[in-house]
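> model the structure of this input:
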Amino acid sequence: MKSNKTIKRHECVTTRNVSRLVVITKKGISKLVIPTFTGFDIVNIERIIYCEANSNYTKVYLEDGVSVMSSRHIGEYDEILSTHDFFRIHKSHIINIQHVVEYKREDGGSVVMNGKKEVGISRRKKSEFLELFFGI
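Numbering: from 1, shown residues only. This is a model prediction of the structure:
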């Protein structure tokens, strides 16, 4: 049986002709289609805490402690998520700024995310991150 719910689909195409799909439901909730090795998962973007590069793959960590290994590289997620309160804090990490719970200055700087994961800030991104959060 078909659902009557209206779904808007926004297709994003990169210069490498790789397409991704962000789905916006009738209630305005953005969802991300994550290609996996066995198919794909659909998750609410706001549930994503951070993404971590793993060679040519990306591991996406969610609020409930679940992680999804994606068959896409982190650069593709950076292009999609940068318009949804995400920040590429390091060449191997993209964080959801809504899930940052602490900033630490020692050892060059790092952030603690929901779920207690600590992620280092690259030297190149530190000033941009501080300006984003503190206007420094």
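> for the longest helix along the chain, output the C-alpha coordinates as PDB.
Looking across the chain with DSSP state H, the single longest helix is helix 123-134. This file holds the C-alpha atoms of helix 123-134, laid out as PDB (Å, rounded to 0.1, in the frame of the first residue of the first chain):
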ATOM      1  CA  ARG A 123      45.800  23.500  13.200                       C
ATOM      2  CA  ARG A 124      44.400  24.800   9.900                       C
ATOM      3  CA  LYS A 125      40.800  24.600  11.100                       C
ATOM      4  CA  LYS A 126      41.200  25.800  14.700                       C
ATOM      5  CA  SER A 127      40.800  29.500  14.100                       C
ATOM      6  CA  GLU A 128      37.700  29.000  11.800                       C
ATOM      7  CA  PHE A 129      36.200  26.700  14.500                       C
ATOM      8  CA  LEU A 130      36.800  29.200  17.300                       C
ATOM      9  CA  GLU A 131      35.300  32.000  15.200                       C
ATOM     10  CA  LEU A 132      32.200  29.800  14.500                       C
ATOM     11  CA  PHE A 133      31.600  29.100  18.200                       C
ATOM     12  CA  PHE A 134      33.000  32.100  20.000                       C
END
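> and residue 102, what is it in contact with?
111-112 (C-beta atoms under 8 Å, 6 or more residues apart in numbering). C-beta: built from backbone N, CA, C; applies to glycine.
> near residue 39, how many other residues are there?
By other C-beta atoms under 10 Å, the residues close to residue 39 number 7.
> tell me the pLDDT of it.
pLDDT, residue 39: 90.
> how far away is it from residue 51?
Separation of residue 39 from residue 51 (C-beta to C-beta, to the nearest Å): 19 Å.
> now residue 64
Relative to residue 51, residue 64 is positioned 16 Å away (C-beta to C-beta).
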